[in-house]
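*Asks:* what shape does this take:
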Amino acid sequence: MVRCAVPGCSMHTEVNYLDGIAFFAVPIVRKNATPCLQRRCQRRRSLWLAKLGKMDQMHSEKPLKVCSRHFISGKCLFGVERKMCVPGE
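*Replies:* Here you go, the predicted structure:
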């Protein structure tokens, strides 16, 4: 079962799977990525964790997910817009 990492949010896959709720992974920094990609992922991860109030998990490998209720459009866009994909924006 996946739970939303936003404090106070009760969304999880067991109950909300059929309600059209999607879950998006907090960006991770892959060790085998190029230095440029690592820096970009590090910045994106920092933005997400700051929004979640979970900066203490910056170096954690525990996967975190955020439900679509915390994105203005309800979607995390891919492609060019993806770099701007941050909860609450």
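*Asks:* CA atoms for contacts and neighbours, from now on please.
*Replies:* Will do.
*Asks:* show me where the protein has its helices.
*Replies:* 13-16, 35-52 (DSSP state H).
*Asks:* least confident of the ones you listed, on average?
*Replies:* Mean pLDDT is lowest for helix 13-16 out of the helices of the chain, coming in at a mean of 68.
*Asks:* still on that earlier bit, go through the helices of the chain and pick out the most buried.
*Replies:* helix 35-52 (a mean of 16; mean count of other CA atoms under 10 Å).
*Asks:* then that helix to CSV, C-alphas only?
*Replies:* Taking Å, rounded to 0.1, in the frame of the first residue of the first chain, the C-alpha atoms of helix 35-52 are listed here in CSV:
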residue,chain,number,x,y,z
PRO,A,35,26.8,14.8,-12.6
CYS,A,36,24.6,17.3,-14.4
LEU,A,37,21.5,15.0,-14.0
GLN,A,38,22.4,14.4,-10.4
ARG,A,39,22.5,18.1,-9.6
ARG,A,40,19.1,18.6,-11.4
CYS,A,41,17.5,15.8,-9.5
GLN,A,42,19.0,17.0,-6.3
ARG,A,43,17.4,20.5,-6.8
ARG,A,44,14.1,19.0,-7.8
ARG,A,45,14.1,16.6,-4.7
SER,A,46,15.0,19.6,-2.5
LEU,A,47,12.0,21.5,-3.8
TRP,A,48,9.6,18.6,-3.2
LEU,A,49,10.9,17.9,0.3
ALA,A,50,10.8,21.5,1.3
LYS,A,51,7.1,21.7,0.2
LEU,A,52,6.5,18.5,2.2
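*Asks:* packing partners of it?
*Replies:* On a contact count with 3 or more CA pairs under 8 Å, 6 or more residues apart in numbering; DSSP states H and E, helix 35-52 meets no helix or strand.
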